[in-house]
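**Q** Take this sequence and fold it.
(2 chains)
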Amino acid sequence: MSDHLLSTKGFTRDRAVALLDVAEDMADTQRRQVKKLPTLRGTTIVNLFFEDSTRTRISFEAAAKRLSADVITFSAKGSSVSKGESLQDTAQTLQAMGADGIVIRHSSSGAAHTLATSGWTRAGVVNAGDGTHEHPTQALLDAFTIRKRRHGDDSRGRDLDGLRVVIVGDILHSRVARSNVWLLTALGASVHLVAPPTLLPTHTEGWPVTTGIDLDAAVDDGPDAVMMLRVQRERMTEAFFPTAKEYASLYGLSVARADRLPATSLVMHPGPMNRGLEIAGAVADSPRSTVLEQVQNGIGVRMAVLYDVLAGDRAA
Amino acid sequence: MSAYVIRGAALADGTCTDVRVDGGAIVELGSLPPAAGERTIDADGLLLLPGFVDLHTHLRQPGGEGAETVLTGSRAAAAGGYTTIHAMPNTTPAADGPGVVEQVAALGEEAGYVDVRPIGAVSKGRQGEELAELVAMARSRARVRVFSDDGSCVADPLLMRRALEYARIVDGVIAQHAEEPRLTAGAQLHDGAVAADLGLQGWPAVAEEAIIARDALLAESTGSRLHVCHVSTAGSVEVVRWAKARGIRITAEVTPHHLWLTDEAARGYDARFKVNPPLRTEEDVTALRAALADGTIDAVATDHAPHPAEAKRSEWSAAAMGMVGLETAVLVVQAAVVETGLLGWPEVERAMSRRPAEIGGLVDAARPIAVGRSADLVLLDPAARRRLSVDDLAGRSTNSPYLGQELPGRVVATVFRGAPTVLDGRLREPEEVGAPW
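**A** Prediction:
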């Protein structure tokens, strides 16, 4: 049981494996005719989305509903938030309405942390992506997906010891990358980050990873998984790279590059993809691609997280 | 005002003396026989220094009275042992002409706690485009000698050059907020390992260092006086040291928080630690302390920046930058550089009183404790320790990063023009300050 899920930094191997195992149990229930569990009946979960993200919101919504929770979706657009209401006022309002759990997506790094530690609400807080900080449930579903591909039905109790994962793209602005750095390494994987120097943080010396600027070298090293990150096209106007064409040629996972990977290597992408920019369409649709499994696994993983944070008595 | 004696005080150099104050000035020093009926302040075991001079205070008035006023900021200053403060011009409207600076100076006189010295804006509206009326402000009743667009950098090199040149008419100094704006657009925290972990946009050290280097060269080529506000990086220290060695007329200040806190404090996204320039690394703190000790950095300046509670109670990126610092400055200085053995009290006197007064062009306030000097004094108890609470803050805002922390030292008394503004550790009310004592 945890009070909140704010980040994967500080996760131990055992905590991560335990969560992934609960996610296995949840995923099993999703193969039944009746997918709904009574676990969180009577619990109210608010999806507090200050930033558009249809995929993540729907995934959390499905997860909460399959646990029988009551789900309220609060999108910032068209709400009082767009009229300047503060995070504090919103949180206190939700507290007054009796929210037991808050799933928050926010464009500001640390917003989930601030919500959880401010005293404005007693709800359990799940970070669904905060600025360029973390997106812990995405990392959990990525780890789940890698483990499932490696170990299939024999996944329970296992970590990712000895696996090598390459994460490619806009590391600087990626909450997915940060959460994966902490989680995958906690699970025993080694992580190598590849990006143009403009899109790597200036100081990664505190991260348990290696970094590089050469995707070809990383591919030829034969990693177990290559995770491609979405690249925002507006980065071009901010001089991070000159053109989409140059980015794709240097850092895109083309068919030619994917063909050089070992047959068992996975290709991952958190979505939504820019086909032809960071990943070739044919690679995204190839058998080694896990893109749709990641989406599917997201529901079980989020069920596990909501269960972890919200089941049982919450400390007042 | 009748005469009184401060009895048995230790001066910075360790010598012990009585001080007789009369008519707002120091009239006698040494071992003074008691006069019948004369009041005394018992300073046994206490340290007596010239009142502190702050080069960098945000008083928020006019326009930001919800955060601070000239009166409330003056009270915070007195509580911290200050007798002179320089009010930054980033008010609404900006202090960019004689009208606003005279208003602020008059409000300071009316408040009566400290000498409030307005700083004039360098550019009209602090927009960084057209030169403000520096001479008119200097020749106004506010007698402005320090000019700054603080909060914003004078980024345009041509405007900076012109300002440096033009300020020579009044022997003024340009106090630069060194921050290259293109390198810091959207910046939230020092560009280092903590910002990488927290996913906060980095504020790179080079954005400060590049401006200081440019301005030092401009000051050299114009022969003008440059002052660098809130130096925060080890690299900036190197640039200032190089410029001084070259004979460039450059001075620099450091804030107490940059001498004491690092970016590690931001890990919990507590916006009380959000400040501009941002908290840096341990290595920077070490370099800043050494630079203060060897005189490369001339002065400690608070950058006292009050904000209403709601401006800090938010997600990090939406929170205001700045922290209050007047009440705690000498306590933090004692913790950071005195108790670590880097500075003695004579150097603290230099950094918190003499040098800032000289930079601000204040002849009397720059003098040591001597007969004939204005009785602007502070009496400290360096042996005291306490956990800081909001009750220890005297201004209107409570955005202090030190709340809940144990700090050494205590301001037992502050004397402004002979009148105690703090007595027995208690801030006195305006009617008490104004009455004969």
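**Q** rest of the way, CA atoms for contacts and neighbours
**A** OK.
**Q** So what touches stretch A:130-144?
**A** Residues from elsewhere that reach stretch A:130-144 (C-alpha atoms under 8 Å, 6 or more residues apart in numbering or on different chains): A:5-8, A:20, A:104-112, A:127-129, A:160, A:172-180, A:183-184, A:270, A:294, A:297-298, A:301-302, A:305, B:197-200.
**Q** mind redoing it with 7 Å?
**A** Stretch A:130-144 is contacted by residues A:7-8, A:20, A:105-112, A:127-129, A:173-176, A:178-180, A:183-184, A:294, A:297-298, A:301-302, B:198-200 when judged by C-alpha atoms under 7 Å, 6 or more residues apart in numbering or on different chains.
**Q** For that stretch, what is the distance to the chain centroid?
**A** 2 Å (C-alpha atoms, centre = their mean, to the nearest Å).
**Q** Over to stretch A:23-43?
**A** With C-alpha atoms, centre = their mean, you get 21 Å for stretch A:23-43.
**Q** How is chain A partitioned into domains?
**A** A:13-135+A:296-310, A:136-291 (automatic domain parsing).
**Q** average model confidence for the last one?
**A** Over the span of domain A:136-291, the pLDDT mean works out to 96.
**Q** thinking again about what came up before, which of the contacts of stretch A:130-144 fall within helices?
**A** A:20, A:111-112, A:175-176, A:178-180, A:183-184, A:294, A:297-298, A:301-302, B:198 (DSSP state H).
**Q** picking up where we left off before, mind giving me TSV with the domains of chain A and columns for mean neighbour count and distance to residue B:143?
**A** TSV is the format used below for the domains of chain A (neighbours: other C-alpha atoms under 10 Å in any protein chain shown; distance: least, C-alpha to C-alpha, whole Å):
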stretch	mean neighbour count	distance to residue B:143
domain A:13-135+A:296-310	20	42
domain A:136-291	19	45
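**Q** can you tell which of these is closest to residue B:292?
**A** Set against residue B:292 and scored by C-alpha to C-alpha, the domains of chain A come closest in domain A:136-291, at 27.6 Å.
**Q** what's near enough to touch the residue in the stretch 151-300 of chain B that chain A sits nearest to?
**A** Residue nearest to chain A within the stretch 151-300 of chain B: residue B:199 (4.0 Å; C-alpha to the nearest C-alpha). Applying C-alpha under 7 Å, 6+ apart to residue B:199 gives the contacts A:109, A:132, A:133.
**Q** again, 8 Å this time
**A** A:109, A:131, A:132, A:133, A:134, A:172, A:173, A:175.
**Q** Among the residues you listed, which pair sits farthest apart?
**A** Across those, the longest distance by C-alpha to C-alpha is 12.7 Å; it joins A:109 and A:172.
**Q** Going by distance to residue A:201, which of the contacts of residue B:199 wins?
**A** residue A:172 (5.0 Å).
**Q** so that closest one makes contact with residue A:204?
**A** No: taking C-alpha atoms under 8 Å as the definition, residue A:172 is not a contact partner of residue A:204, at 10.0 Å.
**Q** which residues in chain B form helices?
**A** Per DSSP H, chain B carries helices over the ranges B:70-79, B:98-111, B:134-138, B:157-166, B:193-198, B:205-222, B:234-245, B:256-260, B:282-294, B:309-312, B:329-333, B:345-349, B:355-359, B:430-434.
**Q** For those helices, give me CSV that also has distance to residue A:58, mean pLDDT and mean neighbour count.
**A** Output for the helices of chain B, formatted as CSV (distance: least, C-alpha to C-alpha, whole Å; pLDDT from 0 to 100; neighbours: other C-alpha atoms under 10 Å in any protein chain shown):
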stretch, distance to residue A:58, mean pLDDT, mean neighbour count
helix B:70-79, 51, 98, 28
helix B:98-111, 55, 98, 20
helix B:134-138, 60, 98, 24
helix B:157-166, 52, 98, 19
helix B:193-198, 26, 98, 23
helix B:205-222, 42, 98, 20
helix B:234-245, 49, 98, 19
helix B:256-260, 45, 98, 25
helix B:282-294, 44, 98, 20
helix B:309-312, 33, 94, 16
helix B:329-333, 50, 98, 25
helix B:345-349, 60, 98, 20
helix B:355-359, 60, 98, 24
helix B:430-434, 61, 89, 15
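**Q** how about CSV for these, with distance to residue B:373 added?
**A** Formatted as CSV, the helices of chain B follow (distance: least, C-alpha to C-alpha, whole Å):
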stretch, distance to residue B:373
helix B:70-79, 19
helix B:98-111, 19
helix B:134-138, 24
helix B:157-166, 32
helix B:193-198, 48
helix B:205-222, 33
helix B:234-245, 30
helix B:256-260, 27
helix B:282-294, 26
helix B:309-312, 40
helix B:329-333, 22
helix B:345-349, 15
helix B:355-359, 14
helix B:430-434, 20
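**Q** Please identify which of those helices is closest to residue A:12.
**A** helix B:193-198 (17.3 Å).
**Q** for that closest one, packing partners?
**A** Of the remaining helices and strands, none touches helix B:193-198 by 3 or more C-alpha pairs under 8 Å, 6 or more residues apart in numbering or on different chains; DSSP states H and E.
**Q** neighbouring contacts of it?
**A** A:109-110, A:132-133, A:172, A:178, A:201-206, B:189, B:201-202, B:263-264, B:266-267.
**Q** 7 Å instead?
**A** A:109, A:133, A:201, A:203, A:204, A:205, A:206, B:189, B:201, B:202, B:263, B:264.
**Q** Please write out the alpha-carbon positions of the helix or strand of chain B with the lowest mean pLDDT in PDB.
**A** Taking mean pLDDT, DSSP states H and E as the measure, chain B has helix B:430-434 as its least confident helix or strand, at a mean of 89. Presented in PDB, the C-alpha positions along helix B:430-434 are these (Å, rounded to 0.1, in the frame of the first residue of the first chain):
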ATOM      1  CA  PRO B 430       6.100  53.600  15.100                       C
ATOM      2  CA  GLU B 431       5.000  55.800  18.000                       C
ATOM      3  CA  GLU B 432       7.800  54.500  20.200                       C
ATOM      4  CA  VAL B 433      10.400  55.000  17.500                       C
ATOM      5  CA  GLY B 434       9.300  58.500  17.000                       C
END
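**Q** Sort out which one of the ones in helices among the contacts of stretch A:130-144 lies nearest residue B:314 for me.
**A** Nearest to residue B:314 among the ones in helices among the contacts of stretch A:130-144: residue A:111, at 8.1 Å, using C-alpha to C-alpha.
**Q** Just give me the neighbour total for the nearest residue to the closest one once chain neighbours are set aside.
**A** The shortest distance from residue A:111 to any residue other than its chain neighbours is 5.1 Å, reached at residue B:315 (C-alpha to C-alpha, 6 or more residues apart in numbering or on different chains). The number of residues packed around residue B:315, counting by other C-alpha atoms under 10 Å in any protein chain shown, is 25.
**Q** Next one: residue B:315 relative to residue B:116, how far apart?
**A** Distance, residue B:315 to residue B:116, using C-alpha to C-alpha, to the nearest Å: 34 Å.
**Q** Which residues of chain A lie near chain B?
**A** Residues of chain A found near chain B (C-alpha under 7 Å from any C-alpha of the partner chain) are A:87-88, A:108-111, A:114, A:132-133, A:201-206.
**Q** closest point of chain A to chain B, which residue?
**A** For chain A, C-alpha to the nearest C-alpha, closest residue to chain B: residue A:133, 4.0 Å.
**Q** now the nearest residue to that residue once chain neighbours are set aside: how far from residue B:352?
**A** Residue nearest to residue A:133 in three dimensions, not counting chain neighbours: residue B:199, with 4.0 Å by C-alpha to C-alpha, 6+ apart. Separation of residue B:199 from residue B:352 (C-alpha to C-alpha) stands at 37 Å.
**Q** where in the stretch 1-150 of chain B is pLDDT low?
**A** Where the stretch 1-150 of chain B drops to pLDDT under 70, the residues are B:1.
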